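S.K.: what follows is a predicted protein model with its sequence.
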Amino acid sequence: MAVIMALVGAIVGSFVNVVIDRVPARQSLLRPGSHCPSCQRALRPVELVPVFSYVALRGRCRTCDAPIPRRVLLVEVATAVLFAALWIGNDRVAPAVPGGTLWTAAIAVYGCVMIALFVIDLEHRRVPNAIVLPAMGLALVMTPVLAWLAPRYAHYGVVAWVAPALPLPLAALIGQLVGGVAAFGIFWLIWRIAPQGMGAGDVKLAGFVGLLTGFPCALAAVFGSFILGGVVAAVLLLSGRVGRKTAIPFAPFLIVAAFAVMVFGDVLLAWYLRR
């Protein structure tokens, strides 16, 4: 099943590549069909097999020999690994965690969104509204569903301290919403104070991330992204690859920190509270 899920993930990753290519260019995701951007030739079905077609073609168009971005292969491999890993983790964890399978499915969807935003911000220095706003809408719709069927973080933080008698699903719902507001508020404040250092897209992405991680783990995702971004920026500066005024996309750091919290947040938070 892990192998099958990896194949499914690779297929989904192929569609994620379409999103990455077309959304920044404001093109339709459906038309035209898959084609070589250099010679415009429509691709044959055998050329659309994820991962294997890239390897077989050695990363080049069969007709015009134009290079296919390596990112295409990396995204397909990343989604394949994501789906396989989530399946293995769900098989081990879900039986002991209420609603674990639902959370795993949600993480798979959110993970694909994050991969798309990660790459787009690296390539285009922007977080498109066409992706982040629908993602926020989906998170808002799914938040009460997940809070009811698979409550998380309900026993931690301000919610449990202020209203310990609240039903578990309601406490989880409040925690998720507070997480979204807190993360959005922190980034909005930074954006208002120093708009040259933070984009509006990052603010919306922070709200999305906060809804996924909940409170107080949203704070861990936010501050984790600051630490990760600072470390990477310092390494790039010391290596001479960027200058002091070089703009560095921030969304990838927030996405990496958020995904780590989504997957390991319960374990890390429980460990921290036991100290």
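M.R.: Done, it's in.
S.K.: number of nearby residues for residue 70?
M.R.: Neighbours of residue 70 under the rule other C-beta atoms under 10 Å: 10. The C-beta positions use only the backbone N, C-alpha and C, and glycine is treated the same way.
S.K.: that one is in contact with residue 58, isn't it?
M.R.: No - Residue 70 is beyond contact range of residue 58, at 11.5 Å (criterion: C-beta atoms under 8 Å).
S.K.: which neighbours do these two share?
M.R.: Counting by C-beta atoms under 8 Å, 6 or more residues apart in numbering, no residue touches both residue 70 and residue 58.
S.K.: for the most centrally placed residue in the chain, give its distance to residue 61.
M.R.: The chain has residue 114 as the residue nearest its centroid, 2.0 Å off, counting by C-alpha atoms, centre = their mean. Using C-beta to C-beta, to the nearest Å, residue 114 is found at 29 Å from residue 61.
S.K.: how about low-confidence regions in the stretch 151-275 of the chain?
M.R.: Within the stretch 151-275 of the chain, the stretches with pLDDT under 70 are 151-165, 266, 269-275.
S.K.: please, where are all the helices along it?
M.R.: Along the stretch 151-275 of the chain, the segments classed as helices by DSSP state H, counting those that start in this stretch run 157-162, 168-193, 200-213, 217-239, 251-274.
S.K.: and the third one, what does it pack onto?
M.R.: Here helix 200-213 is seen to pack against helix 100-124, helix 129-149, helix 168-193, helix 217-239, helix 251-274 when contacts are counted using 3 or more C-beta pairs under 8 Å, 6 or more residues apart in numbering; DSSP states H and E.
S.K.: pull out the buried residues from the third one.
M.R.: Think helix 168-193. Residues of helix 168-193 classed as buried: 169-184, 186-188, 190-191 (neighbour count, 16 or more other C-beta atoms under 10 Å).
S.K.: what angle do that helix and helix 129-149 make?
M.R.: Counting by axes from the mean of the first three to the mean of the last three C-alpha atoms, to 10 degrees, helix 168-193 points 150 degrees away from the direction of helix 129-149.
S.K.: helix 168-193 packs against which elements?
M.R.: helix 129-149, helix 157-162, helix 200-213, helix 217-239.
S.K.: I'd like those helices as a markdown table, with mean neighbour count and distance to residue 4 appended.
M.R.: Formatted as a markdown table, the helices and strands packed on helix 168-193 follow (neighbours: other C-beta atoms under 10 Å; distance: least, C-beta to C-beta, whole Å):
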| stretch | mean neighbour count | distance to residue 4 |
| --- | --- | --- |
| helix 129-149 | 17 | 25 |
| helix 157-162 | 15 | 38 |
| helix 200-213 | 26 | 26 |
| helix 217-239 | 17 | 31 |
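S.K.: possible to save those as TSV with distance to residue 262?
M.R.: Shown next, in TSV, are the helices and strands packed on helix 168-193 (distance: least, C-beta to C-beta, whole Å):
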stretch	distance to residue 262
helix 129-149	12
helix 157-162	17
helix 200-213	6
helix 217-239	8
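S.K.: for residue 110, find the nearest of those.
M.R.: Closest approach to residue 110 among these (C-beta to C-beta): helix 200-213, 5.7 Å.
S.K.: what does that closest one contact?
M.R.: Contacts for helix 200-213 (C-beta under 8 Å, 6+ apart): 110, 117, 121, 126-129, 132-133, 135-136, 139-140, 143, 176-177, 179-184, 186-188, 191, 218, 220-222, 250-251, 254-255, 258, 261-262, 265.
S.K.: run the last query once more with 6 Å
M.R.: By C-beta atoms under 6 Å, 6 or more residues apart in numbering, the surrounding residues in contact with helix 200-213 are 110, 126-127, 132, 135-136, 139, 143, 176, 179-180, 182-184, 187-188, 191, 218, 221, 250-251, 258, 261-262.
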